[in-house]
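Undergrad: structure for the following, please:
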Amino acid sequence: MVAGDEDTRTYAGIEALNPAMAWEPKTLIHVVNVTTDGRAVKGYGTVRYGDTNQTPGTGWGEPFVAWTETMHGFLRQGVARHRLLAMAALTQVVFGRQLHSHTLFETYGEYPWLKLVSQGLAEHCTGADGKDQYRML
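TA: So this is what the prediction gives:
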């Protein structure tokens, strides 16, 4: 367990991939939020780092959120924010670098980042593809 509060526990695992596979990232950090009793998954996400192909829409060499999702019954409860903060802390500890958002946002994917910006925990920047991106401070 990497983080927790009265309602949520956050667990993480690190997956190191074969660096000879140039089409894959070298390292993934998987994060999952569950209820304190462990009966329900609230959400999950993945950080990618070590891309050698500089995929457009990514952090272009920086650790970035490749995927994050909050389950329907837990939306608008701060679960995504909690998960992004855990991902950022892990990214800093494991890679010594700041976490970046992806530049391809789903319908509600940008909202937690905007909240983090308003709280002074992240900042807006422009991705290498010219699209909106965010970076944890």
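Undergrad: from here on, just use CA atoms for contacts and neighbour counts.
TA: Will do.
Undergrad: Thr68 contacts Lys42, doesn't it?
TA: No - when contacts are counted by CA atoms under 8 Å, Thr68 is not listed as touching Lys42 (11.1 Å).
Undergrad: give the residues shared as contacts by the two.
TA: By CA atoms under 8 Å, 6 or more residues apart in numbering, Thr68 and Lys42 have no common neighbours.
Undergrad: which one's more surrounded, these two?
TA: Taking other CA atoms under 10 Å, Thr68 and Lys42 do not tie; Lys42 has more neighbours (23 against 18).
Undergrad: what segments of the chain are helices?
TA: Ranges of helices in the chain, per DSSP state H, are 79-95, 111-118.
Undergrad: pLDDT at His102, what is it?
TA: On pLDDT, His102 comes in at 85.
Undergrad: er, Asn53 I mean
TA: Looking at Asn53, the pLDDT reads 52.
Undergrad: burial check on Trp67, number of neighbours?
TA: Around Trp67 there are 15 residues (other CA under 10 Å).
Undergrad: ok now do it, which residues does it touch?
TA: Counted by CA under 8 Å, 6+ apart, Trp67 has contacts Gly45, Thr46, Val47.
Undergrad: the last one and Gly127, how far apart?
TA: Read it as Val47. 16 Å (CA to CA, to the nearest Å).
Undergrad: quick one, which of these two is more surrounded?
TA: Each of Val47 and Gly127 has its neighbours counted (other CA under 10 Å); Val47 has more, 26 against 20.
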